[in-house]
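In: predicted model, plus sequence, below.
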Amino acid sequence: MTATDLHRKILDAVDAAFDAQLKTTQDFVAIPSTRGAEGPCQDMIGDLLRERGYEVDDWHIDVEDLKDLRGFGPIEHDFSKARTVVGTYRPTTNTGKSLILQGHCDVVPTGPLEMWDNPPFSPIIKDGKMYGRGACDMKSGTIGALYALDAIKAAGLKPTARIHFQSVIEEESTGVGALSTLQRGYRADACFIPEPTAGKMVRSQVGVLWFRLKVRGFPVHVFEAGAGANAIKAAYHLIEAVEQLEIDWNKRAESDVHFKAVNHPINFNPGIIKGGDWASSVPAWCDVDCRISILPGWSVADAQAEILACISKAARDHRFLSNNPPEVEWSGFLSEGYELKNAAAPEAAFAKGYDTVYGGSTPDLVFTALTDTRFYGLNYDIPSLCFGADGQAMHGFNEYVDLESLRKSTKATALFIAEWCGVEKA
Ligand SMILES: [Zn+2]
């Protein structure tokens, strides 16, 4: 069989199974797998892998095993149901390069349901798009990778290298799901993560830090508000200070080789605010959960120190906070940025499939969010590619994945697997 015939068979197999792929994706998106509730998704992936004959490893994640590893982010919520599922394919002939395919099954909260045109966990297909929370980020990618493997089989072929298909949790808050696979001992010559990148290869990505400002106030009745100290207003004072830090960091980003081309790559977000107990009492407390990013090569510890210095300087300038300094809690991600490096071989393998499906050379993406690739690249020097479909409104309302882009990214993924791992007649 010539390479072109082989490609044609795989591409046809993706087309032939595409309706089934969409049905499986829809079933997967229908599971409301927000943080702490990923179990049914992991069950579904375990079943899909078992049906296909993969060797399945399904384990409970023990935070104690991970807490000293590079890139660990603190876990504050109930973690008793946290699991990772890995399906392993072992080749009969082992002549190719091994591969990790990974997707995360956790999704972010929906926000107010009335803002969605259609319920977020009742996915619908309309005008060539699938709508639903997680349809884009990244359940369609995970199922796409599974069907990419199916397409190789349906083409009468089997890979000639070990493949781990990994379904992880916590990508949206700490990354400990991906970290748990490495702690468990899963390794390969390359990793591929089909996050929705609009048909581009992630070249460089930010790191992210989460922290919580815990601000105290002095409660009095509002009729004598001047005698009290309003914790919510004080929190605004601190938020403005971090906004100044954001400006400084964006100035620093102007000298980054990749991010200098990006407008405002460092984004700070106060994402959750809670505080006060009563409309007629000056609030005695306010908690603000925040996210800020850093660039590849920046140290997490240095960034933490800068954040703490920024907060304490702002507190010193404040009448009440100067004597009642706020606390800062690290509440999730403590992640470095990651630049794709030492990846010439897997990139060349991917480029062939990309050219066949899309035509031309793979465009780069300099990404102002993070992905799990960092753990493979930074902790174990496993080149880690991130490429996937196109869509919109990740983390927003009416999230969707574009289905033609999904078909193409599934095809490119299948050709990449065949090229990287090698294939032989089944
Ligand atoms: Zn994602």
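Out: Arrived safely, thanks for sending.
In: what's the longest helix anywhere in the chain in contact with?
Out: Criterion DSSP state H: the longest helix present in the chain is helix 231-253. Helix 231-253 has contacts (CB atoms under 8 Å, 6 or more residues apart in numbering) with 213, 215-217, 259-260, 262, 264-268, 270, 273, 275-276, 283-286, 288, 290, 292, 294-295, 306-307, 310-311, 313-315, 317-318, 320-321, 326. Just so you know, the C-beta spots here come from the backbone N, C-alpha and C atoms, and that holds for glycine as well.
In: ditto for stretch 271-290
Out: Taking CB under 8 Å, 6+ apart as the rule, stretch 271-290 contacts 210-222, 225, 228-232, 234-235, 238-239, 242, 268-270, 291, 331.
In: and the helix or strand where residue 273 lies with helix 231-253, angle?
Out: If you go by DSSP states H and E, residue 273 is part of strand 269-275. Taking axes from the mean of the first three to the mean of the last three CA atoms, to 10 degrees, one finds strand 269-275 and helix 231-253 inclined to each other by 170 degrees.
In: re earlier: could I have the buried ones of the contacts of helix 231-253 as ChimeraX selection syntax?
Out: If you want just the buried ones from these in ChimeraX, going by 16 or more other CB atoms under 10 Å, the selection is:
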select :213,215,216,217,259,262,265,266,268,270,275,276,283,284,285,286,288,290,292,294,295,306,307,310,311,314,315,318,320,321,326
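In: just the contacts of helix 231-253: which are in strands?
Out: Among the contacts of helix 231-253, the ones falling in strands (DSSP state E) are 213, 215, 216, 270, 273, 275, 285, 286, 288, 290, 292, 294.
In: low-scoring stretches of this protein, by residue?
Out: 1 (pLDDT under 70).
In: can you name the residues of it sitting close to the ion?
Out: Within the chain, the residues that sit near the ion (CB under 5 Å from the ion) are 137, 138, 195.
In: which residues touch the first one?
Out: Going back to what we said before, that points to residue 137. 107, 108, 195, 196, 391, 394, 395, 399.
In: let's verify residue 332: helix, strand, or coil?
Out: The three-state assignment at residue 332 reads strand, by DSSP: H, G, I helix; E, B strand; the rest coil.
In: number of residues surrounding it?
Out: For residue 332, the neighbour count with other CB atoms under 10 Å is 25.
In: for the closest residue to the ion within the stretch 301-426 of the chain, helix, strand, or coil?
Out: Per CB to the ion, residue 371 is where the stretch 301-426 of the chain lies closest to the ion, at 6.6 Å. Assigned by three-state DSSP, the conformation of residue 371 is coil.
In: is it true that it touches residue 194?
Out: No. Taking contacts as CB atoms under 8 Å, residue 371 lies outside contact range of residue 194: 10.2 Å.
In: which residues in the stretch 301-426 of the chain form strands?
Out: Ranges of strands within the stretch 301-426 of the chain are 327-334, 338-339, 364-367, 384-386, 391-392, 400-402, 423-425, based on DSSP state E, counting those that start in this stretch.
In: just list what the longest one packs against, helices and strands only.
Out: Contact analysis of strand 327-334 by 3 or more CB pairs under 8 Å, 6 or more residues apart in numbering; DSSP states H and E lists strand 207-216, helix 300-316 as its packing neighbours.
In: neighbouring contacts of that strand?
Out: 71-74, 76, 173-175, 207-214, 289, 291, 300, 304, 307-308, 311, 370.
In: over to stretch 27-38?
Out: 40-41, 44, 77-79, 81-83, 105-109, 120-123, 130, 132-135, 139-140, 142-143, 169-170, 172-173.
In: list the buried residues for it?
Out: Result for stretch 27-38 [16+ other CB under 10 Å]: buried residues 28, 29, 30, 31, 32, 33, 34, 35, 36, 38.
In: which one of those is nearest to residue 351?
Out: residue 28 (29.2 Å; CB to CB).
In: and the closest one, how far is that from the ion?
Out: From residue 28 over to the ion the distance is 14 Å, taken as CB to the ion, to the nearest Å.
In: and that residue, that one's in a strand?
Out: No. Using three-state DSSP, the secondary structure at residue 28 is helix, not a strand.
In: returning to what we had before: any idea which of the ones in strands among the contacts of helix 231-253 is closest to residue 50?
Out: Looking across the ones in strands among the contacts of helix 231-253 and measuring by CB to CB, the closest to residue 50 is residue 294, at 40.3 Å.
In: that older thread, filter the contacts of strand 327-334 down to the buried ones and hand me the PyMOL line.
Out: Typed into PyMOL, the line below selects the buried ones among the contacts of strand 327-334, using 16+ other CB under 10 Å:
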select buried, resi 71+72+73+74+173+174+175+207+208+209+210+211+212+213+214+289+291+300+304+307+311+370
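In: burial count for residue 192?
Out: 27.
In: what's the answer for residue 240, then?
Out: Counted with other CB under 10 Å, residue 240 comes out at 10.
In: repeat for residue 161
Out: Count around residue 161 with other CB under 10 Å applied: 21.
In: now it: phi and psi?
Out: When read as degrees, to the nearest 10, the backbone of residue 161 gives phi -160, psi 160.
In: next one: residue 6
Out: Residue 6 adopts backbone torsions of phi -60, psi -50, taken as degrees, to the nearest 10.
In: do I have it right that it meets residue 156?
Out: No. Under the criterion of CB under 8 Å, residue 6 makes no contact with residue 156, lying 9.6 Å away.
In: more neighbours: which of these two?
Out: residue 6 (18 against 14).
In: and the residues of the chain next to the ion as TSV, adding secondary structure and distance to residue 414?
Out: What follows is the residues of the chain next to the ion, written out as TSV (DSSP: H, G, I helix; E, B strand; the rest coil; distance: CB to CB, whole Å):
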residue	secondary structure	distance to residue 414
137	helix	21
138	helix	17
195	coil	17
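In: between these, which is nearest residue 57?
Out: Proximity of the residues of the chain next to the ion to residue 57 (CB to CB) peaks at residue 138, which lies at 21.2 Å.
In: for burial, what's the neighbour tally of the residue nearest to the closest one when sequence neighbours are not counted?
Out: With sequence-adjacent residues excluded and distances taken as CB to CB, 6 or more residues apart in numbering, residue 138 is closest to residue 195, at 5.0 Å. Number of residues near residue 195 (other CB under 10 Å) recorded here: 27.
In: list the contacts of residue 195.
Out: When contacts are counted by CB under 8 Å, 6+ apart, residue 195 touches 137, 138, 141, 202, 371, 386, 387, 388.
In: do the same with residue 388
Out: Per CB under 8 Å, 6+ apart, neighbours of residue 388: 138, 141, 144, 193, 194, 195, 196, 197, 199, 409.
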